[in-house]
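Peer 1: using only what follows, build the 3D model:
(2 chains)
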Amino acid sequence: MSKIRVSLPDGSVKELEQGANILGLAASIGAGLAKAAIAARMDGELVDLTALLHDGAKVEIVTEKSPEALEIVRHTTSHLMAQAVKSLIPGAKVTIGPAIENGFYYDFDVEVPFSPEDLEKIELKMKELAKANSKLERLVLTKAEAIKLFCEMGETYKVELIEDLDVATVSLYRQGDFVDLCRGPHLPSTSFCKAFKLTSIAGAYWRGDERRKMLQRIYGTAFVDKKELDAYLSRLEEAKRRDHRKLGKELDLFSFSDEVGAGLVIWHPKGAMLRTILEDFERKEHLKRDYDIVLGPQILKTELWQRSGHYDNYRENMYFTEVDGQSYGVKPMNCLSHMMIYKSQLRSYRDLPLRYFELGTVHRHERAGVLHGLLRVRGFTQDDAHILCTPEQLDSEIKGVLAFVSDVMGIFGFEYEMELSTRPDKSIGSDDDWERATKALLGALQDSGREFEINEGDGAFYGPKIDIKLRDALDRKWQCATIQCDFTLPERFDLTYVAADGEKKRPVMVHRVILGAIERFIGVLIEHYAGNFPLWLSPVQAIVVTVTDNQIPHARSVYKTLRAAGVRVQQDLRNEKLGFKIREAQLQKIPYMLVVGDKEVESGTVAPRYRDGKNLSVMTAVEFIEFVNTEADNYR
RNA sequence: GCCGUUGUGGCUCAGGGGUAGAGCAGCUCACUCGUAAUGAGCAGGUCGUCGGUUCGAUUCCGACCAACGGCUCCA
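Peer 2: Okay, here's the model as predicted:
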């Protein structure tokens, strides 16, 4: 019998009998590896342990410690869940069940939606089935055979999936009496699923299309062992403690009210302070970078929205009002006023680029059901700017914006993800325009040296864009900064500039935000810091606390001195024990508590205590002011 | 908009067909106290809204509103 030779990651070559599989290879290396192996990467592709080896194959054994393990574990666990659901509810139809970022899900078509109690039953069943230790067996059928099989089983969704596949054969996996269409690979048997938990139930449209049937989705998570699962679950708990909606209430930053309306934020003093600090920061940073601050009205005539195309494309998201027989639209975007400013005079190429910046408050009627704390609201303020420049200036303008984003995110210590969205099927503008703009965005991204994703065909109909996303405490992505090229508006509003040759030319427009919506940004910011804002952002930077009533005069004078110097300070002069006041200040996450007792009165000082419990050395009010200013100047 | 869950004093939550309870917060009094909760007393709710069933609804049913977890859509 002939031998085959396969190479391993360390460069060594193993000789095996013809017909050997991965498991055999692992066993030939060592019994320990054979036991730990769950799959393999052969010639770059992930495969099952039962996959046959061929001569010259490059093989890497995947164990529970491998980075690929999690996805395989989760995928197999989703099959295990489907098996459990089918055994409990035979009439359920299975659809798709992939591994996702923090776990997996599986969508089912069931007559009666799942209840939370069902979840417990399903999880119990899964444990039972895992214990049964069924082998996951890979079968390869022709398309026709597979369609016939799933038709017989009544799995119509699977039939639809297979029909859409452009292949000759498909693979199926069988575990016990459960068979599912799947590319694989999978764990060798169900007992490898030893750490999982079903987390939630949700509705989800078949194939993500809201015109199609709503299925029932079960989300779950799985890890290679119990320890990691527990660690993940406790991270989840911790994340809930950072939830901006919870902290917003606890720290008295903002609220919502049924009486006011859904998705409309009411900023309380401390939240409004935080917002004001951010807005001041933004004005300063924009002026530094040669932007001009502009301001437009909240409502503009409906005719203008018709001209811009918003009326046709965005009407259902807009609020309208009528006065004296004239219809007005409440602005959902800030661009129109900026257009009007550009058009207010004849522009020369010498004037460009023009950068109009507005902290523009907009209103959008978001569909009920999508609202989410500060992260998705109906009225919000964008740090919006429109850059009007010559086509030649586009490159450097976009680079400038990306550098701006990087600077600002650096100050807040945010990691972010960037995505480039290119021309969709339905679009306007010339090929030339699209190519130039896409190139400019791409070039700037490459130039930034950061990683980015490309979403082909995901751009706006009016131009390509770069989206920058931040994550909330629960790891959900939220778009904040965005840079969008726009070919429509300069056209529709007939914007021109006089070029060097005296000809009138069309400027290019870039629509961009840095923080995005202040509301959303603050929501993410609260979760990022878990409410422990750095000194420069803290709505309350310090609180003067007395030990007894004896220190009230000194405390008042310290408070006045700090206030006069612009420090955001409060005073707690109540007749309460120091420990009680410290606790309250700490729960409010105030950075510095300035303790004033008899000793401090005598020496004319305060004893600053940081919210982590550490004390600074005793200092005078003036020294503390200097300290605060230095910290704040360095964005600490 | 769609699917599911939830909606009880300022907050967190218990209860349940016969018109409601706890802790915290609030108020009053006492204590004058050194780095995460001093003690006692008092007050506070037409149980999200509107209908229906019932002798009787906060509890059961329906609609609506809102929140929460998702889907779709988006800053």
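Peer 1: all the strands of the stretch 501-636 of chain A, in order from the start?
Peer 2: A:504-505, A:508-517, A:542-546, A:569-572, A:592-596, A:607-610 (DSSP state E, counting those that start in this stretch).
Peer 1: neighbouring strands - and their directions - for the helix or strand harbouring residue A:140?
Peer 2: Residue A:140 belongs to strand A:137-142 when assigned by DSSP states H and E. Looking at strand A:137-142 with DSSP bridges, its partner strands are strand A:169-175 (antiparallel).
Peer 1: and the next helix or strand past the partner strand?
Peer 2: Strand A:169-175 is succeeded, C-terminally, by strand A:178-181 (DSSP H and E).
Peer 1: show me what counts as buried in the strand holding residue A:140.
Peer 2: Within strand A:137-142, the residues scored as buried using 16 or more other CB atoms under 10 Å are A:137, A:138, A:141. For glycine as for every other residue, the C-beta is placed from the backbone atoms N, C-alpha and C.
Peer 1: again, but for stretch A:221-233
Peer 2: Result for stretch A:221-233 [16+ other CB under 10 Å]: buried residues A:221, A:222, A:223, A:224, A:229, A:232.
Peer 1: for residue A:107, name its beta-bridge partners.
Peer 2: Beta-bridge partners, per DSSP bridges, of residue A:107: residue A:217.
Peer 1: ok, now which ones touch it?
Peer 2: A:95, A:96, A:97, A:204, A:206, A:215, A:216, A:217 (CB atoms under 8 Å, 6 or more residues apart in numbering).
Peer 1: excluding its backbone neighbours, what's nearest the fifth one?
Peer 2: The reference is to residue A:206. residue A:212 (4.4 Å; CB to CB, 6 or more residues apart in numbering).
Peer 1: count the neighbours of the one you found for me.
Peer 2: 10 (other CB atoms under 10 Å).
Peer 1: also residue A:507?
Peer 2: Residue A:507, neighbours per other CB under 10 Å, totals 22.
Peer 1: also the one 5 residues further on?
Peer 2: Other residues within reach of residue A:512, judged by other CB under 10 Å, total 27.
Peer 1: circling back: so which of the strands of the stretch 501-636 of chain A is nearest residue A:152?
Peer 2: strand A:508-517 (51.7 Å; CB to CB).
Peer 1: before we move on, back to that, most surrounded residue in the contacts of residue A:107?
Peer 2: Neighbour-wise, those (other CB under 10 Å) top out at residue A:97, 25 neighbours.
Peer 1: surely it is in contact with residue A:78?
Peer 2: Yes: under the criterion of CB atoms under 8 Å, residue A:97 makes contact with residue A:78 at 3.8 Å.
Peer 1: who touches both of the two?
Peer 2: A:104, A:105, A:106.
Peer 1: which among the contacts of residue A:107 are in contact with RNA strand B?
Peer 2: Among the contacts of residue A:107, the ones lying near RNA strand B by CB under 7 Å from any atom of the strand are A:204, A:216, A:217.
Peer 1: quick one: residue A:4 is in a strand?
Peer 2: Yes: if the criterion is DSSP: H, G, I helix; E, B strand; the rest coil, then residue A:4 is within a strand.
Peer 1: residues in contact with it?
Peer 2: Counting by CB under 8 Å, 6+ apart, residue A:4 touches A:15, A:16, A:17, A:18, A:20, A:53, A:54, A:55, A:56, A:57.
Peer 1: for the residue in the stretch 501-636 of chain A positioned nearest to RNA strand B, grab the count of nearby residues.
Peer 2: RNA strand B sits closest to residue A:597 of the stretch 501-636 of chain A, with a gap of 2.1 Å, by CB to the nearest atom of the strand. Residues within reach of residue A:597, counting by other CB under 10 Å, total 17.
Peer 1: quick check: closest non-adjacent residue to it.
Peer 2: Closest to residue A:597 by CB to CB, 6+ apart is residue A:547, at 3.9 Å.
Peer 1: residue boundaries of the helices in the stretch 451-600 of chain A?
Peer 2: For the stretch 451-600 of chain A, the helices defined by DSSP state H, counting those that start in this stretch cover A:488-492, A:518-529, A:552-564, A:578-587, A:598-603.
Peer 1: nearest to residue A:444, out of the ones you listed?
Peer 2: Nearest to residue A:444, of the helices of the stretch 451-600 of chain A and by CB to CB, is helix A:488-492 at 20.2 Å.
Peer 1: residues in the stretch 201-350 of chain A within reach of RNA strand B, list them.
Peer 2: Residues of the stretch 201-350 of chain A lying close to RNA strand B by CB under 7 Å from any atom of the strand are A:201-205, A:208-210, A:214, A:216-217, A:219, A:243, A:245, A:249, A:256, A:258, A:261-263.
Peer 1: ok, now which ones touch the nearest residue in space to residue A:518 that is not next to it in sequence?
Peer 2: The shortest distance from residue A:518 to any non-neighbouring residue, by CB to CB, 6+ apart, is to residue A:381 (4.7 Å). Residues counted as contacts of residue A:381 (CB under 8 Å, 6+ apart) are A:359, A:360, A:361, A:362, A:517, A:518, A:519.
Peer 1: now tabulate these in JSON lines and tack on neighbour count and pLDDT.
Peer 2: JSON lines is the format used below for the contacts of residue A:381 (neighbours: other CB atoms under 10 Å; pLDDT from 0 to 100):
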{"residue": "A:359", "neighbour count": "19", "pLDDT": "97"}
{"residue": "A:360", "neighbour count": "22", "pLDDT": "96"}
{"residue": "A:361", "neighbour count": "17", "pLDDT": "97"}
{"residue": "A:362", "neighbour count": "18", "pLDDT": "97"}
{"residue": "A:517", "neighbour count": "24", "pLDDT": "96"}
{"residue": "A:518", "neighbour count": "23", "pLDDT": "97"}
{"residue": "A:519", "neighbour count": "24", "pLDDT": "97"}
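Peer 1: which one of these sits closest to residue A:179?
Peer 2: residue A:517 (47.7 Å).
Peer 1: from residue A:284, how far off is residue A:75?
Peer 2: 50 Å (CB to CB, to the nearest Å).
Peer 1: please read the previous query as pertaining to residue A:412.
Peer 2: Residue A:412 is 15 Å from residue A:284, by CB to CB.
Peer 1: who's more crowded, the two?
Peer 2: Per other CB under 10 Å, whichever of residue A:412 and residue A:284 has more neighbours is residue A:412, with 18 against 10.
Peer 1: ok, the contacts of residue A:381 vs residue A:477, which is closest?
Peer 2: residue A:517 (14.8 Å).
Peer 1: ok, the closest one - contacts?
Peer 2: Counted by CB under 8 Å, 6+ apart, residue A:517 has contacts A:377, A:380, A:381, A:382, A:480.
Peer 1: hang on, the earlier thing: which one of the buried residues of strand A:137-142 is nearest residue A:572?
Peer 2: Nearest member of the buried residues of strand A:137-142 to residue A:572, counting by CB to CB, is residue A:138, at 68.3 Å.
Peer 1: what pLDDT does the residue lying closest to residue A:603 once chain neighbours are set aside get?
Peer 2: Once flanking residues are discounted, residue A:603 sits nearest to residue A:618: 7.1 Å by CB to CB, 6+ apart. pLDDT recorded at residue A:618 is 96.
Peer 1: burial count for residue A:618?
Peer 2: Neighbour tally, residue A:618, other CB under 10 Å: 14.
Peer 1: again with residue A:238
Peer 2: Using other CB under 10 Å, residue A:238 is surrounded by 11 other residues.
Peer 1: next one: the helix or strand hosting it to chain centre, how far?
Peer 2: Element membership of residue A:238, judged by DSSP H and E, is helix A:226-242. Mean-position distance between helix A:226-242 and its chain equals 19 Å (CA atoms, centre = their mean, to the nearest Å).
Peer 1: tell me which helix or strand comes right after that helix.
Peer 2: Using DSSP H and E, the first helix or strand after helix A:226-242 is helix A:244-250.
Peer 1: show me how chain A divides into domains.
Peer 2: A:3-63, A:69-242, A:261-297+A:334-529, A:542-633 (automatic domain parsing).
Peer 1: brilliant, that's me finished.
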